[in-house]
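A.B. asks: below are the sequence and a predicted model for it; my questions follow.
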Amino acid sequence: DRETYSDPDVIKLIESRYIPVRVDQDARPDLSRRYENYGWPATIVFNANGEEIVKRAGYIESKNMMSMLAAIIDDPIPVLYRDSKVVNEFAREPLLLVAVRKELLKRYTETHNFTIGGLKQAQKFMDRDTVEYALWRAKQGDTTSSKIARQTLDGALNLIDPAWGGVYQYSTHGDWKHAHFEKIMQVQAEYMRIFALAYAQFSDPKYLRAGSDIHRYLNAFLTSPEGAFYTSQDADLIRGQHSEDYFALNDAARRKLGIPKVDKHIYARENGWMITGLATLYAASGERKYLDDAVTAANWIIEHRATKDGGFRHDEVDRAGPYLEDTLAMGRAFLALYLATADRAWLGRAEQAANFVRNNFDAEAGFATAVGSGPLKPRPTTEENISAARFFNQLARYTGQDSYRKSAEHAMRFLVTPDIALFRLTDAGILLAADELANEPVHITVVGDKRDAKAAQLYRAALRYPAINRRIEWWDKTEGAMPNADVQYPQLGRAAAFVCTNKRCSCRYSKPARSPRSPTGSTNNRLLKNAASAAMPSSNPASLTTPQNPAWLNRHSCCLIRY
C-alpha cells in the first residue's frame, strides 16, 4: 500500500488494463484456502475466464510489479503451476495404497528436524497434524514419534509471549528465537488443543502452563464483551514497522506505548477452533473456567451465526458462501463439547452441522470449500477434508449411524488419491485420518445417574485418559438408550465405568483415582490402565475392517459383557 499501490505508474497501468480486486483472506475462507500456499499478501492475476495467469507470494516492489504487469499484457498465456493441475480421477476406495502410505510415513520422519524440532524449513512453527500424529504413534510405543512430538512441543514453547501469553505465528531464521509477532486465532486454538493433548499424554506441567498462557492472552485481548472470540492481533504496534523492541518489553511498558490493533471480526470458523481447544484443555485439566468459556462462545455463535438449516455463516453477513469450514469447525466444536459434558444437546448440534455439510458441500470426492459458481468454482482442499474425515468418523462412532462413516470415507477418497496425498511436502494429517478410520477408538463408558457425584468423578477420570482416538460416554438410563447402543451394560446399584473394545468390556470400575497420574508419572488408575491396554491399534492400519487385538481382556475376564 505504501510503496507499490501508491506508485503513480502502477496506478496508471492497473487502471488502464486491469480490474483490481482486494480480498481480506480472513473474510473469505474459500479464497484463503485456495491461495494459502502463496502467503499474504498474495497477488493473483486472472484472465477474463478466471484462468490464473500469474501467482506471486508476498511483497512486490513497484518496479517488479510494473515489469510483471507489462509482461502479462504482452503474453497473457496462463502459466501452468504445480498446484493448478486439476485432478479428474479420484480414488474409488477410501484406503491408502501401500506405496502411498509408505511414502507418507517416510516424509513424516524425513521432514522433521531432529536437532531442534519442527519441520526442516526456515519458518519454525508447530505443524499440528504432524505433532498430533506423533502423539498417536508415541502412545503405541514408537520412540521416534515421541521424540518428534516432544522436540516440536518444546521448541514451540519459545513462541509463547512471556508478558501477555498467547502464541506468535512463527519464527524465522530457521530457529525458534526470531518470532513474527502476529497472533492469529487458529494458532492460539490449535496450540492450546495440542498442548492439552500433550499434557494428558506426557504429564509434563509445562504443556499445561502453555495452554493456560494462551487462555490468559485470549481473555485479555481476543475475547469480546459477550464472550465470543475475535480474529487476530497485529504483529506491529505501528503497521509496517517491525516491533521486536516493543515485544521485548514487559506488560506495563508495552501498554504505555499502546496496543497492536486487534481485528474484532467474530467469525464462526475461528470460534469453532477455539471452542474445541478450550474443551480439550478442560478435559485434560479439569479446570471449569475453560469449559465455561467454550460454552459461552458456542451459545453466542449459535445465536448470531447459525443458519436455519444447521449451518453457520462466517460473519454477520457474508458476501459469498456459505463456506465449508465455518460449519465444519462448529461441528467439531460441538463434538468436543459433547465429549467434555456428555450433554446430548451438543451431539444433536453436531449432527445438524454434519447434515448441512453433506447437503451443501458434497463434491465428486470429498467436500468443496464453499457453495458457489462462476469461473472460480469451489473445490475440495486437503486440510478441510482431513478435518471432515475425522469429524464424520468420530460422529459415526458416537451415533452408530453408518451414513456418517460413509461421509468420512467420501472425504478419504479425496485424500488418498495419490496426486492429492503426495502433493505437499508432508501430510501427517492424512495418515492420522486413515488410522482413526481403520481402528476402533478407546471406548470408556460411565454408567450412572448424572446427578451422582461418584459417576461424575468417574467421568472426569475417563476424560483424562490420553488418547487421540477415543470415545468417552456417560449413560444415564433416565435419558433413554445410548445414541450408539452397540454395547449393553448392566444396571448396577452404584456408578461404574467400563473399558470396551470390539463390543466387549472389562470388569466394572467404581473408584476413580485422585489424579490421572502418580507423582512418578506412572498411571495409578485401574480404569486408565485398562484403557491403555485396550488402545492397541490394528497391525494393519491400511485396512478399514481389521479389528483391534482384545488380548487385554484375557487378563481381566472376570465379568465380560458381550453384546
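C.D. replies: Received the coordinates, thanks.
A.B. asks: and stretch 247-262, average pLDDT?
C.D. replies: The average pLDDT for stretch 247-262 rounds to 97.
A.B. asks: now it: buried residues?
C.D. replies: Neighbour-count burial for stretch 247-262, counted by 16 or more other C-beta atoms under 10 Å, picks out 247, 254, 260. (Each C-beta comes from the backbone N, C-alpha and C, glycine too.)
A.B. asks: likewise for stretch 420-430?
C.D. replies: Neighbour counts over stretch 420-430 (16+ other C-beta under 10 Å) mark 420-422, 426-430 as buried.
A.B. asks: which pair of those spans the longest distance?
C.D. replies: 420 and 428 (14.5 Å; C-beta to C-beta).
A.B. asks: helices along the stretch 201-350 of the chain, start to end?
C.D. replies: Ranges of helices within the stretch 201-350 of the chain are 205-221, 244-247, 251-257, 268-285, 288-305, 324-341, 344-360, based on DSSP state H, counting those that start in this stretch.
A.B. asks: out of the ones you listed, which gets nearest to residue 415?
C.D. replies: Closest approach to residue 415 among the helices of the stretch 201-350 of the chain (C-beta to C-beta): helix 324-341, 14.5 Å.
A.B. asks: what's the angle from the closest one to helix 268-285?
C.D. replies: Relative orientation of helix 324-341 versus helix 268-285 (axes from the mean of the first three to the mean of the last three C-alpha atoms, to 10 degrees): 20 degrees.
A.B. asks: how about the contacts made by residue 155?
C.D. replies: Counting by C-beta atoms under 8 Å, 6 or more residues apart in numbering, residue 155 touches 116-118, 124, 126, 176.
A.B. asks: about what we covered before: possible to save the buried residues of stretch 247-262 as a markdown table with distance to residue 231?
C.D. replies: Below are those laid out as a markdown table (distance: C-beta to C-beta, whole Å):
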| residue | distance to residue 231 |
| --- | --- |
| 247 | 20 |
| 254 | 21 |
| 260 | 13 |
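A.B. asks: where does the prediction get shaky in the stretch 351-500 of the chain?
C.D. replies: Where the stretch 351-500 of the chain drops to pLDDT under 70, the residues are 373.
A.B. asks: got the residue ranges for the strands in it?
C.D. replies: 442-447, 470-475, 496-501 (DSSP state E, counting those that start in this stretch).
A.B. asks: show me how far the first one is from its chain's centre.
C.D. replies: Relative to the centre of its chain, strand 442-447 is centred 24 Å away, using C-alpha atoms, centre = their mean, to the nearest Å.
A.B. asks: equivalent analysis for stretch 260-268, please.
C.D. replies: So, by C-alpha atoms, centre = their mean, the centroid of stretch 260-268 is 20 Å from its chain's centroid.
A.B. asks: equivalent analysis for stretch 359-378, please.
C.D. replies: 21 Å.
A.B. asks: and if you look at stretch 211-231?
C.D. replies: Computed by C-alpha atoms, centre = their mean, the chain-centroid distance of stretch 211-231 equals 18 Å.
A.B. asks: quick check, nearest of the contacts of residue 155 to residue 62?
C.D. replies: Taking C-beta to C-beta as the measure, residue 62 sits nearest to residue 124 out of those, at 31.4 Å.
A.B. asks: quick check: the closest one touching residue 174?
C.D. replies: Yes: assessed by C-beta atoms under 8 Å, residue 124 is found in contact with residue 174 at 6.9 Å.
A.B. asks: I'd like the helices of the stretch 201-350 of the chain as JSON lines, with distance to residue 474 appended.
C.D. replies: Converted to JSON lines, the helices of the stretch 201-350 of the chain look like this (distance: least, C-beta to C-beta, whole Å):
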{"stretch": "helix 205-221", "distance to residue 474": "24"}
{"stretch": "helix 244-247", "distance to residue 474": "44"}
{"stretch": "helix 251-257", "distance to residue 474": "41"}
{"stretch": "helix 268-285", "distance to residue 474": "13"}
{"stretch": "helix 288-305", "distance to residue 474": "15"}
{"stretch": "helix 324-341", "distance to residue 474": "9"}
{"stretch": "helix 344-360", "distance to residue 474": "10"}
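A.B. asks: figure out which of these is closest to residue 136.
C.D. replies: Here helix 268-285 is closest among those (C-beta to C-beta), at 14.7 Å.
A.B. asks: just give me the residue right at the centre of this structure.
C.D. replies: Nearest residue to the geometric centre of the chain (C-alpha atoms, centre = their mean): residue 190, 5.9 Å.
A.B. asks: what's the closest of the strands of the stretch 351-500 of the chain to residue 383?
C.D. replies: Closest approach to residue 383 among the strands of the stretch 351-500 of the chain (C-beta to C-beta): strand 470-475, 22.6 Å.
A.B. asks: quick one, the closest one and helix 268-285 angle?
C.D. replies: Per the same axes, to 10 degrees, the angle that strand 470-475 makes with helix 268-285 is 80 degrees.
A.B. asks: switch the strands of the stretch 351-500 of the chain over to a markdown table; also include mean neighbour count.
C.D. replies: Formatted as a markdown table, these follow (neighbours: other C-beta atoms under 10 Å):
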| stretch | mean neighbour count |
| --- | --- |
| strand 442-447 | 26 |
| strand 470-475 | 21 |
| strand 496-501 | 26 |
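A.B. asks: so can I have a markdown table of these showing distance to residue 170?
C.D. replies: Below are the strands of the stretch 351-500 of the chain laid out as a markdown table (distance: least, C-beta to C-beta, whole Å):
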| stretch | distance to residue 170 |
| --- | --- |
| strand 442-447 | 33 |
| strand 470-475 | 30 |
| strand 496-501 | 40 |
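A.B. asks: please name whichever of those is nearest to residue 15.
C.D. replies: The minimum distance between residue 15 and the strands of the stretch 351-500 of the chain falls on strand 470-475, with 57.8 Å, by C-beta to C-beta.
A.B. asks: just checking, what packs against that closest one?
C.D. replies: helix 382-399, strand 442-447, helix 453-463 (3 or more C-beta pairs under 8 Å, 6 or more residues apart in numbering; DSSP states H and E).
A.B. asks: from the chain's centroid, how far away is that strand?
C.D. replies: Computed by C-alpha atoms, centre = their mean, the separation of strand 470-475 from the middle of its chain amounts to 21 Å.
A.B. asks: between that strand and helix 382-399, how many degrees?
C.D. replies: Here strand 470-475 points in a direction 30 degrees away from that of helix 382-399 (the same axes, to 10 degrees).
A.B. asks: relative to residue 214, how far out is the closest residue to residue 247 other than its chain neighbours?
C.D. replies: Spatial nearest neighbour of residue 247, excluding adjacent residues (C-beta to C-beta, 6 or more residues apart in numbering): residue 181 at 5.2 Å. The spacing between residue 181 and residue 214, counted by C-beta to C-beta, to the nearest Å, is 15 Å.
A.B. asks: what do you get for residue 89?
C.D. replies: 43 Å.
A.B. asks: which one's more surrounded, those two?
C.D. replies: residue 214 (29 against 9; other C-beta atoms under 10 Å).
A.B. asks: noted, bye for now.
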